[in-house]
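[1] Structure here, sequence nowhere to be found:
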């Protein structure tokens, strides 16, 4: 398994947190851009695309991408799968996370709806970058949510 470049992923997140990389469509008016943004960060960290039409993780253009590239539920499903090419993660506790790992929030009663990337950790306090409600190094404890899920990036299967 290839190592995930956490530093590169975080640098990308901080560079594009408050604007959109013109290489990618911005889904802000189509339900939210958070998972699209996090997918771009993972790619910058060395993740490889998996072009499986149903179970992969890829972006070709605004209308040709996997559900896991843009949807909170499906990126989690992709990252936690057991087999196949691409970036992998495991569920973890908050204190096991590092810069470059992901947090998903459930801000409504029915489903998890927001994906964030950890941009820094200072004295145990977690800061994140995100799109939809754009955030650069925003403290996690500033968010209102009912539940969170921690996704620890393990590496990349090529």
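    Everything's here; your move. Just so you know, these numbers come straight off a predicted model, no measurement behind them.

[2] Does anything pack onto the helix or strand encompassing residue 79? Which helices or strands?
    Using DSSP states H and E, residue 79 sits within helix 72-80. Where contact means 3 or more Cβ pairs under 8 Å, 6 or more residues apart in numbering; DSSP states H and E, helix 72-80 is packed against helix 34-44, helix 67-70, strand 86-92, strand 102-106, strand 114-122, strand 147-157. C-beta: built from backbone N, CA, C; applies to glycine.

[3] Identify the spatial nearest neighbour of the residue nearest to the spatial centre of the chain, chain neighbours not counted.
    Closest residue to the average C-alpha location of the chain: residue 38 at 3.2 Å, with Cα atoms, centre = their mean. Residue nearest to residue 38 in three dimensions, not counting chain neighbours: residue 115, with 4.7 Å by Cβ to Cβ, 6 or more residues apart in numbering.

[4] The one you found touches residue 102, doesn't it?
    Yes. At 6.1 Å, residue 115 counts as touching residue 102 under the criterion of Cβ atoms under 8 Å.

[5] In the helix or strand where residue 8 lies, which residues are buried?
    For residue 8, the host element (DSSP H and E) is helix 6-16. Residues of helix 6-16 classed as buried: 6, 9-14, 16 (neighbour count, 16 or more other Cβ atoms under 10 Å).

[6] and that helix with strand 147-157, angle?
    With axes from the mean of the first three to the mean of the last three Cα atoms, to 10 degrees defining the directions, helix 6-16 sits at 120 degrees from strand 147-157.

[7] which residues touch helix 6-16?
    37, 40-42, 44-46, 98-101, 117-120, 129, 136-137, 153 (Cβ atoms under 8 Å, 6 or more residues apart in numbering).

[8] again with stretch 25-36
    20, 24, 59, 61-62, 69-72, 75, 113-116, 130-132.

[9] gap between it and the chain center?
    13 Å (Cα atoms, centre = their mean, to the nearest Å).

[10] Quick one: end-to-end distance for that stretch.
    The straight-line separation of the ends of stretch 25-36 (Cα to Cα, to the nearest Å) is 9 Å.

[11] quick check: mean pLDDT across it?
    In this model, stretch 25-36 has an average pLDDT of 94.

[12] for that stretch, which positions count as buried?
    So for stretch 25-36, counting by 16+ other Cβ under 10 Å, buried means 25-28, 32-36.
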